[in-house]
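Visitor: What follows is a predicted protein model with its sequence.
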Amino acid sequence: MRAWNFGAGPSMIPVEVMQKAQAEFCDFDGLGLGIVEMSHRSAEYMKVAAEAESLLREIMGVPDNYSILFEQGGGRGQFAAIPLNILPEDGFADYFVTGHWSRSAYKECAERFGDARLHECVEKNSAGYYEIDYSKMKVTPGATYAYICLNETVNGIEIFDLPDTGEVPLIADMSSDILTRPVDVSRFGAIIFGAQKNVAPAGLTVSIVRKDLIGHARKYCPSVFDWAVLDKHDSMYNTPNTFSWYMAGLAFKWIKSIGGTTALEERNIAKSKLLYDYLDSSNFYRCQVAPRDRSRVNVVFNLQDESLNAEFLAKSREQHLIGLKGHKVLGGMRASIYNAMPLEGVEVLVKFLKEFADSHRA
Ligand SMILES: *Cc1c(COP(=O)(O)O)cnc(C)c1O
């Protein structure tokens, strides 16, 4: 049987997508060879790659004045690539920090590339919940860009209200909430995401960049990270991750077939509501994020009695519920319920949570 995979990434992929890849793994399109054996420059592969790009453009509504680049190096690679591509040596950037990943991006820039200004945007409110303080998301006049992470995978905090940065381009990490809801791409200077949270196997990173932000890389920016070089070579300056790019194309097709990001948003609202409503109704578990700012895809929670954590994880694994352990920097539990997780998986999880709680009541 298939387990219910709540891991944060690499994470669940729709079984239809994997079965399609399996069916054509050894013989793609009657060619007598598999995708993973094929030259990235062959006409057949170029078609696969171009199709994936145009599907992403379609399902996200990416305007023509944005390039879509398929890269390697992960989200962390982009933490470096962003300042290397757009921050002049004498410029500075505002970083709106809402959790682990935006803080990591801030540190990468501040410690290696230049003047990064830290804006702490999450506080514990009087009710004891972590809450975004949107009033802190103000750009400093003269900033080259403002950086945000729309969904903090580790902390379970999501930004639903984009800050108004005026003329200053907003650069967003959407590694964990990409395609989970519609977004207006024209609000951003660039959107970056690693594929392994919501789209495809690990090893692929996508940057959607407004064209006027391309072509300003520092002289010492490695060419494989230079958006102008990637753009000029259709992301095939060096060998891309051909398999993950192909898998991303299958995932985009799947998303389109089930109604796109609007349909997915509805599903993700329903799934997360089911889980949060149960957690809030229980005195056995608690969620420490303010309701308004709760992530729809990474539900972070704790057992009131943390001494039961190991037993909780062991019992959940027995029930084929995988990957519920929280990130090491935070502890506790986390259920990642990305696009590929059906409502049924969340129902099974809630049933388990109830049974585990009941078994520990006198
Ligand atoms: C996982 C994650 C990253 C890091 O991605 P890597 O591909 O491991 O470098 C960055 N940002 C967010 C929001 C993430 O969830």
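Guide: Done, it's in. Computed from a prediction, not measured in an experiment: that's the story for all the values here.

Visitor: what's the neighbour count on the closest residue to residue 153 other than its chain neighbours?
Guide: Excluding the flanking residues, the one nearest residue 153 by C-beta to C-beta, 6 or more residues apart in numbering is residue 176, at 4.1 Å. (Each C-beta comes from the backbone N, C-alpha and C, glycine too.) Counted with other C-beta atoms under 10 Å, residues neighbouring residue 176 total 28.

Visitor: what do you get for the one 5 residues further on?
Guide: When neighbours are counted by other C-beta under 10 Å, residue 181 registers 20.

Visitor: and if you look at the one 3 residues further on?
Guide: The criterion is other C-beta under 10 Å. On that basis, residue 184 has 10 neighbouring residues.

Visitor: Now do the same contact list for it.
Guide: residue 61 (C-beta atoms under 8 Å, 6 or more residues apart in numbering).

Visitor: What distance do you get for it to residue 165?
Guide: Distance of residue 184 to residue 165, given as C-beta to C-beta, to the nearest Å: 14 Å.

Visitor: What residues does the residue nearest to residue 153 make contact with?
Guide: 8, 9, 151, 153, 197, 198, 295, 297, 298, 336, 338.

Visitor: and the end-to-end length of stretch 335-342?
Guide: Terminal residues of stretch 335-342 lie 13 Å apart, using C-alpha to C-alpha, to the nearest Å.

Visitor: let me fix that: stretch 75-94
Guide: Its first and final residues considered, stretch 75-94 spans 18 Å by C-alpha to C-alpha.

Visitor: just how off-centre is it within its chain?
Guide: 19 Å (C-alpha atoms, centre = their mean, to the nearest Å).

Visitor: List the buried residues of it.
Guide: For stretch 75-94, burial by neighbour count (16 or more other C-beta atoms under 10 Å) applies to 75, 77-87, 92-94.

Visitor: The ligand next: which of those residues are close?
Guide: Residues of the buried residues of stretch 75-94 in contact with the ligand (C-beta under 6 Å from any ligand atom): residue 75.

Visitor: In helices only, show me the buried residues of stretch 75-94.
Guide: Among the buried residues of stretch 75-94, DSSP state H puts 75, 77, 78, 79, 80, 81, 82, 83, 84, 85, 86 in helices.

Visitor: Now those residues in TSV, please, with extra columns for distance to residue 19 and pLDDT.
Guide: Listed next are those as TSV, based on distance: C-beta to C-beta, whole Å; pLDDT from 0 to 100:
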residue	distance to residue 19	pLDDT
75	28	97
77	31	98
78	31	98
79	35	98
80	37	98
81	34	98
82	36	98
83	41	98
84	40	98
85	38	98
86	41	98
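
Visitor: can you tell me which two in the residues you listed are farthest apart?
Guide: 75 and 86 (16.7 Å; C-beta to C-beta).

Visitor: Could you list the low-pLDDT ranges of the chain?
Guide: Along the chain, segments meeting pLDDT under 70 span 362.

Visitor: For it, which residues are neighbours of the ligand?
Guide: Neighbours of the ligand within the chain, by C-beta under 6 Å from any ligand atom: 9, 74, 75, 76, 101, 149, 153, 173, 175, 176, 194, 197.

Visitor: who wins for most neighbours among those?
Guide: residue 149 (31 neighbours).

Visitor: Pull out the C-alpha coordinates of the strand or helix carrying residue 347 and format them as CSV.
Guide: Using DSSP states H and E, the element containing residue 347 is helix 343-359. Taking Å, rounded to 0.1, in the frame of the first residue of the first chain, the C-alpha atoms of helix 343-359 are listed here in CSV:
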residue,chain,number,x,y,z
LEU,A,343,-8.4,15.5,1.6
GLU,A,344,-8.6,11.8,2.4
GLY,A,345,-5.1,11.8,3.7
VAL,A,346,-5.9,14.7,6.1
GLU,A,347,-9.0,12.8,7.2
VAL,A,348,-6.9,9.8,8.0
LEU,A,349,-4.4,12.0,9.9
VAL,A,350,-7.2,13.7,12.0
LYS,A,351,-8.6,10.3,12.9
PHE,A,352,-5.1,9.2,14.0
LEU,A,353,-4.7,12.4,16.1
LYS,A,354,-8.0,11.8,17.8
GLU,A,355,-7.3,8.2,18.6
PHE,A,356,-3.8,9.0,19.9
ALA,A,357,-5.3,11.7,22.1
ASP,A,358,-8.1,9.4,23.4
SER,A,359,-5.6,6.6,24.2
